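J.: sequence-free structure coming up:
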Ligand code: HBI
Ligand code: FE
């Protein structure tokens, strides 16, 4: 969470914004200043250069098709003009993190909530909460890909059902290890993987670490295995899961989650850095630099 001081400032800042019952607002274009546009430009330029040869092709195609402006914080309406005709998704502006139930209801209706505000210049490398650069640059390019678009929609519906059944942690882990920190196989790339997760794509440090470091495990994606695996919210991941292709997400999207959640309800959760029997290990991590306190 934000420090109390930041939260206090943000509260005052948000006060003038008309927040609707579903937590959406109109993107307040007049609130972006020269510093916000400069931060967007700096992050956009840095990440697009760094991601070349490291991120999956579908992401680059998405960036190109959405016509994201490098020099200014993009208008959400302009993005929707490209996005909605392609996959039925739209982005909606929100003040920041929204409650789980609200978030999933948006996804289940093909709406992706995007935080409207930009991080400060002293937060280029890290901030704990999602800002506009993470939400927009990290998440939105893949929403113009039809397979990924359907996966996110199915995820929203499954998460709503899981929330009702008290099984949200299982679905939160799936989101974490695919949408936020997913890798995808690519024989010609470092460690045989490329990047697609938004938490990686929007971070310089984790872009390099997730693909090139010897420290983390990289393990072939398996739905049940992922849903049982704890994660880190405060450091680079100890383990990344690697999908073979987007078809694998399509199969997950078409899974009947109810029996799976019932079966896993009492199953143990694995530590983030564990390697288990039956894992398809892509790379076994050295564990260098791993914190030894408990995972989430
Ligand atoms: N709200 N704006 C926003 N963005 C998120 O990614 C988000 C959220 N609320 C809840 C939530 N994510 C989590 O429940 C998921 O990561 C599982
Ligand atoms: Fe995110």
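T.: It's in. Since the model is a prediction, treat every value here as computed from it, not as a measurement. Numbers count the residues shown, from 1 in each chain. Ligands and ions are numbered 1, 2, ... in the order given.
J.: How many residues are close by residue 30?
T.: Neighbour count of residue 30, defined by other Cβ atoms under 10 Å: 6. Where C-beta positions appear, they are placed from N, C-alpha and C, glycine not excepted.
J.: What parts of the protein come near ligand 1?
T.: Contact residues, the chain versus ligand 1 (Cβ under 6 Å from any ligand atom): 94, 97, 98, 100, 103, 113, 115, 130, 172, 175.
J.: The fifth one contacts residue 113, correct?
T.: Yes - using Cβ atoms under 8 Å, residue 103 is in contact with residue 113, at 6.4 Å.
J.: Make CSV from the residues of the chain next to ligand 1 and add pLDDT and neighbour count to it.
T.: Putting the residues of the chain next to ligand 1 into CSV (pLDDT from 0 to 100; neighbours: other Cβ atoms under 10 Å) gives the following:
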residue, pLDDT, neighbour count
94, 96, 25
97, 95, 15
98, 95, 19
100, 94, 14
103, 97, 21
113, 98, 23
115, 97, 20
130, 96, 22
172, 96, 17
175, 97, 21
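J.: How about the contacts made by the closest residue to residue 229 other than its chain neighbours?
T.: Closest residue in space to residue 229, ignoring its immediate chain neighbours: residue 270 at 5.0 Å, by Cβ to Cβ, 6 or more residues apart in numbering. Listed by Cβ atoms under 8 Å, 6 or more residues apart in numbering, the contact partners of residue 270 are 225, 228, 229, 230, 276.
J.: Likewise for residue 126?
T.: Contact partners of residue 126, counting by Cβ under 8 Å, 6+ apart, are 203, 205.
J.: Would you mind measuring from it to residue 42?
T.: Residue 126 sits 15 Å away from residue 42, going by Cβ to Cβ, to the nearest Å.
J.: same check, this time on residue 84
T.: Distance, residue 84 to residue 42, using Cβ to Cβ: 29 Å.
J.: can you check residue 216 too?
T.: Distance, residue 216 to residue 42, by Cβ to Cβ: 27 Å.
J.: between the two, who's got more neighbours?
T.: Comparing residue 216 with residue 42 by neighbour count (other Cβ under 10 Å), the higher total belongs to residue 216, at 28 against 14.
J.: Looks like the more buried one contacts residue 241 (just checking).
T.: No - in this structure residue 216 lies outside contact range of residue 241 using Cβ under 8 Å: 10.7 Å.
J.: Can you name every helix or strand that the helix or strand harbouring residue 62 contacts?
T.: In this assignment (DSSP states H and E), residue 62 forms part of helix 57-66. Contact partners of helix 57-66 among helices and strands, from 3 or more Cβ pairs under 8 Å, 6 or more residues apart in numbering; DSSP states H and E: helix 34-51, helix 76-87.
J.: orientation of the longest one relative to helix 57-66 in degrees?
T.: Which is helix 34-51. 140 degrees (axes from the mean of the first three to the mean of the last three Cα atoms, to 10 degrees).
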